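Student: 3D model of this:
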Amino acid sequence: MASPTLGDHPTAGDTGDQSRPDGVRPPPPPPPPPGPVARPGRPPVTVPQVRAQKRRDGADPIVMVTAYDEPGARIADGGGVDVILVGDSLANNVLGYEDTLHVTIDDMVRHTAAVARARPAALVLGDLPWMSYHLSAEQAVTSAAALVRAGAEAVKLEGGPSRARVIEAIVDAEIPVMGHLGLTPQSVLAMGGYRVQGRDVGSARALVDAARRVEDAGCFAVVLEGVPDVVAAEITSVLSIPTVGIGAGPDCDGQVLVFHDLLGLGAGPVPKFVRPYARLAEVATAAVAAYAADVRGGAFPGEAETYHGSDSLRAAFAGPEGGAAGSGAVG
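Tutor: Predicted coordinates for the structure are as follows:
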């Protein structure tokens, strides 16, 4: 059954037919126009603003969190984050896949659009999924444009020097790009699992060089995932663009966590770098269990949740031929 819209919920005491004197409910308001619109009291976060958020220059750390739908975006934006990442982690946090390799550009477009409908003040960052930018620069620009048309204000992609040409092409198309280095989940097969990167001097220096290369290609910021703290600190110090860490220690210019990890909505153990700030899965499970108990015990719905018929309507169904009881009808 389709879920009703907000306008379909009568207020308490409403019998459902009193929207207008003639009993006809007015049409819903038109949808808002596309594009970022700040919530009252909070201006929109822009790419140049994020680009300038280097902590060594006195800027506040960048706060980024993932979201995959309109309710999640509203929660994240209400919490005051700077950037909402519509991540390809959609795959294993929402869609039930084991890794991020199974989401498509169509999936990401759909969920980016859902996030954008929250009209957050936070910058909406769309993640380019695996095989949406690997074949050619033209494919990458087309994929990035699809996310922008869905409501993203910038895109993120994984990889170092081998992605420089793609980054340059997307930036040349006037689409801002955030890079992603270190433990890149789309490379899970090549890495042989989710493993911390840059543990030895050679690979650490390669990461520093890769960070310089994606900056030169035009990235306005870069995510550093699953790298030792000292390596992340070095990259942060040599770049003029900000770094956003996830499992990269405290010295980055910002931090990002997955929505479901942060709120305790996931299943199974969480990575070392996660700090759950709530246990919402437990709260939600208990709430559903309470609802089920109330339904089975006859406690729901009660008086407060029931629309009562008028005396005349009640009288019409009270006679021997009134209503379903008199006709033998079931529905």
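Student: how near is Gly80 to Val295?
Tutor: Relative to Val295, Gly80 is positioned 37 Å away (C-beta to C-beta, to the nearest Å). Just so you know, the C-beta spots here come from the backbone N, C-alpha and C atoms, and that holds for glycine as well.
Student: no wait, Ile105
Tutor: Relative to Val295, Ile105 is positioned 41 Å away (criterion: C-beta to C-beta).
Student: these two: which has the busier surroundings?
Tutor: When Ile105 and Val295 are compared on other C-beta atoms under 10 Å, the one with more neighbours turns out to be Ile105, at 21 against 11.
Student: in the stretch 151-300 of the chain, which spans are strands?
Tutor: Assigned by DSSP state E, counting those that start in this stretch, the stretch 151-300 of the chain shows strands spanning 154-156, 177-182, 221-225, 243-246, 254-257.
Student: dump the ones you listed into a markdown table; add distance to Glu303 and mean pLDDT as well.
Tutor: Listed next are these as a markdown table, based on distance: least, C-beta to C-beta, whole Å; pLDDT from 0 to 100:
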| stretch | distance to Glu303 | mean pLDDT |
| --- | --- | --- |
| strand 154-156 | 51 | 99 |
| strand 177-182 | 53 | 99 |
| strand 221-225 | 53 | 99 |
| strand 243-246 | 49 | 98 |
| strand 254-257 | 43 | 98 |
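Student: need the ones you listed in JSON lines with mean neighbour count, can you?
Tutor: JSON lines is the format used below for those (neighbours: other C-beta atoms under 10 Å):
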{"stretch": "strand 154-156", "mean neighbour count": "26"}
{"stretch": "strand 177-182", "mean neighbour count": "28"}
{"stretch": "strand 221-225", "mean neighbour count": "27"}
{"stretch": "strand 243-246", "mean neighbour count": "27"}
{"stretch": "strand 254-257", "mean neighbour count": "23"}
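Student: closest to Arg55 out of these?
Tutor: Minimum separation from Arg55 across the strands of the stretch 151-300 of the chain (C-beta to C-beta) falls at strand 254-257, 8.3 Å.
Student: next one: the closest one to chain centre, how far?
Tutor: Taking C-alpha atoms, centre = their mean, to the nearest Å, one finds the center of strand 254-257 at 13 Å from the center of the full chain.
Student: contacts for it, please.
Tutor: Contacts of strand 254-257 from elsewhere in the structure, counted by C-beta atoms under 8 Å, 6 or more residues apart in numbering, are 53, 61-66, 82-83, 85, 221, 223, 242-246, 274-275.
Student: strands paired with that strand, and their directions?
Tutor: Here strand 254-257 has these sheet partners by DSSP bridges: strand 62-66 (parallel), strand 243-246 (parallel).
Student: same list (the ones you listed) but as TSV, adding distance to Val47.
Tutor: As requested, the strands paired with strand 254-257 are arranged in TSV below (distance: least, C-beta to C-beta, whole Å):
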stretch	distance to Val47
strand 62-66	12
strand 243-246	13
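Student: thank you kindly, that will do.
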